[in-house]
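Asks: Output the structure for:
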Amino acid sequence: MLAQTPHWEELSARGDDALAKGRYLEANKYLDAALSELQTASQPDVRWAPVLNSLGAAKHFRGDFVGAQKCFRQALELWEQSGRAKQNVATVLFNLGQSEYSIGDYVGAEFSLKRSLAITEHLYPNGGLNVGSTLDWLGIVYTGEQKYAEAEQMLSQAMAILRHTSSASRIDLAHCMNSVAELRVAQNHLESAEQLLEQALRIYQQELGDDHPTTAISVAKLGGFYLKGHRLELAEPLLHRALRTEERTLGPEHPRLASTLSDLALLYTEDKKFALAEPLWIRVLSIEEKMKGTKHPSLARTLNQLSLGYIEERRYALAEPLLTRAVAVSAGDAAYAREQATGLRWLGLVYDHEGKSSAAESAYREALDIWNNSGGSEDPNLLPLLRDYLAVARKNRDQELRELEDRIKALRSRKSRQ
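Replies: Predicted structure coming up:
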């Protein structure tokens with residue numbers, strides 16, 4: 001509780017200070033109080049905009065991305081109406097783009113960040129921190145969209161600017177290092193990715209300390225990298241360490257935890273410890289549903305992974321509804337076509353084990369069509385699906401032939417009795 005109610009400017013300053021120190025709940029409290037004072041004293045005007053922008057940032061870091069976007073859009077409207085705050089408009093667009101990215105709205109994020117970049121490049125034609133940071137985030141969005149050439153261009157420019165800009169901190173550079181590392185992982189350039197992740201983590205530890213949530217995120221990124229390389233003995237302690245810090249500093253239901261929990265669940269799934277993985281997948285799904293809603297296409301990945309564990313344990317009745325849902329939420333979204341195909345393939349496996357071979361063949365055929373239509377017809381990862389499809393198709397053809405033979409025998413027998 002606040003011992004007294006200072007002026008809104010002092011409340012706002014306290015909120016900004018807490019925000020800078022990673023104390024996001026405290027920042028939210030002060031900034032909410034500042035905004036309440038302003039709302040009591042006046043109609044909306046440009047004074048509200050910085051408070052709304054900071055409050056949006058506090059909500060973003062607490063995982064309330066919908067609330068954050070509402071604040072950012074209100075601040076954006078006020079600054080645009082003032083007609084004299086171009087840098088502030090660029091800043092709030094930059095923040096809005098990050099929140100849009102966090103809920104999987106890559107199109108919205110790209111649009112907001114491009115608008116921000118156009119303003120900052122006009123204001124700072126020689127580059128600078130704002131230009132470099134916006135390029136960094138555009139690179140992140142492009143990586144998420146699998147537009148690797150565009151991501152490479154944005155991130156190489158960002159890194160060059162941040163390395164040679166006096167206003168850029170080592171933390172800004174570390175953020176960009178992590179962004180480049182994620183691109184390198186996507187491109188399968190693993191050695192350079194590992195070096196960048198380790199460098200970034202060292203910077204965060206030196207600048208922010210081990211207990212800062214940003215440091216924990218960097219620890220989780222390195223753990224996730226080791227997981228992708230099947231180096232489970234290195235990944236597990238890092239992921240547990242990151243999770244403890246994130247739960248303590250961000251809270252047990254913060255959206256950021258979904259990524260770390262997901263990596264831990266993958267680790268246990270890979271290590272054949274589904275009893276440990278199952279509750280983690282269920283927790284990830286709960287967090288994602290609260291963050292994105294129950295019909296977002298990105299849920300397909302978690303639904304598929306949870307279902308795979310049930311399939312391996314022959315708990316087909318639990319897997320089938322989850323896979324049906326995964327296929328439904330990802331349908332029609334090109335960015336999640338492979339997740340839809342994965343759901344259909346595993347649904348085919350379930351149907352086959354349940355004796356529904358015709359339904360299994362249909363699921364496999366639909367999965368194959370998705371692979372072919374998404375440019376994956378020559379991908380070696382298609383082999384398991386093709387083998388499963390061939391096996392069930394042969395079984396169905398054999399069954400059809402047996403039925404045809406039985407029909408012929410029955411007709412011959414009837415004819416001989418006439």
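Asks: Could you break this structure into its assigned domains?
Replies: With domains defined by automatic domain parsing, the chain comprises 1-120, 124-163+170-204.
Asks: Can you measure across the last one, start residue to end residue?
Replies: Domain 124-163+170-204 has an end-to-end distance of 28 Å (C-alpha to C-alpha, to the nearest Å).
Asks: Next, count neighbours for the residue nearest to P44 when sequence neighbours are not counted.
Replies: With C-beta to C-beta, 6 or more residues apart in numbering as the criterion, P44 has its nearest non-adjacent residue at 6.3 Å, and that residue is L78. From N, CA and C alone the C-beta is placed, and that goes for glycine too. When neighbours are counted by other C-beta atoms under 10 Å, L78 registers 22.
Asks: Cross-check the contact I'm expecting between Q146 and A186.
Replies: Yes. Counting by C-beta atoms under 8 Å, Q146 touches A186, with 7.3 Å between them.
Asks: Compare these two and say which is more crowded by neighbours.
Replies: The residue with more neighbours, out of Q146 and A186, is A186; 14 against 11, by other C-beta under 10 Å.
Asks: Let me see the contact set for N373.
Replies: A337 (C-beta atoms under 8 Å, 6 or more residues apart in numbering).
Asks: Against G332, how distant is it?
Replies: Using C-beta to C-beta, to the nearest Å, we find N373 at a distance of 12 Å from G332.
Asks: same thing with I140?
Replies: On the measure of C-beta to C-beta, I140 and G332 end up 25 Å apart.
Asks: The nearest residue to R248 once chain neighbours are set aside in helix, strand or coil?
Replies: Nearest non-adjacent residue to R248, counting by C-beta to C-beta, 6+ apart: D211, 7.7 Å away. Put simply, D211 is coil when judged by DSSP: H, G, I helix; E, B strand; the rest coil.
Asks: burial measure for L123, as a count.
Replies: 13.
Asks: okay, it: pLDDT?
Replies: On the pLDDT scale, L123 is placed at 92.
Asks: what do you get for Q399?
Replies: At Q399, pLDDT is 79.
Asks: Whichever strand or helix holds it: which residues count as buried?
Replies: Using DSSP states H and E, the element containing Q399 is helix 383-417. Of the residues in helix 383-417, 385, 388-389, 392 count as buried by neighbour count, 16 or more other C-beta atoms under 10 Å.
Asks: which helices and strands does it pack with?
Replies: helix 337-353, helix 357-373 (3 or more C-beta pairs under 8 Å, 6 or more residues apart in numbering; DSSP states H and E).
Asks: starting at the chain centroid, how far to that helix?
Replies: 46 Å (C-alpha atoms, centre = their mean, to the nearest Å).
Asks: same check, this time on stretch 40-57
Replies: Here the centre of stretch 40-57 is set off from its chain's centre by 30 Å, with C-alpha atoms, centre = their mean.
Asks: ends of it, how far apart?
Replies: End-to-end for stretch 40-57, by C-alpha to C-alpha: 22 Å.
Asks: quick one: contacts of it?
Replies: By C-beta under 8 Å, 6+ apart, stretch 40-57 touches 8, 12, 15-16, 19, 27-28, 31-32, 34-35, 38, 67-72, 74-75, 78-79, 81-82, 85, 88, 91-92, 95-96, 99.
Asks: Go through stretch 208-219 and flag the buried ones.
Replies: So stretch 208-219, judged by 16+ other C-beta under 10 Å, has buried residues 208, 212-219.
Asks: distance between the ends of it?
Replies: Start-to-end span of stretch 208-219 (C-alpha to C-alpha) is 13 Å.
Asks: who has more neighbours, I140 and G332?
Replies: I140 (27 against 10).
Asks: and the buried residues of stretch 208-219 as CSV, adding distance to Y364 and pLDDT?
Replies: Below are those laid out as CSV (distance: C-beta to C-beta, whole Å; pLDDT from 0 to 100):
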residue, distance to Y364, pLDDT
L208, 49, 93
H212, 48, 90
P213, 44, 89
T214, 44, 91
T215, 45, 95
A216, 42, 95
I217, 39, 93
S218, 41, 96
V219, 40, 97
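Asks: so of these, which ones are in helices?
Replies: Applying DSSP state H to these, the entries found in helices are 208, 213-219.
Asks: and which of these is nearest to A235?
Replies: V219 (10.9 Å; C-beta to C-beta).
Asks: so who does the closest residue to that closest one other than its chain neighbours touch?
Replies: Nearest residue to V219, sequence neighbours excluded (C-beta to C-beta, 6+ apart): A242, at 4.2 Å. Counting by C-beta under 8 Å, 6+ apart, A242 touches 216-217, 219-220, 223, 260.
Asks: Cheers, nothing more for now.
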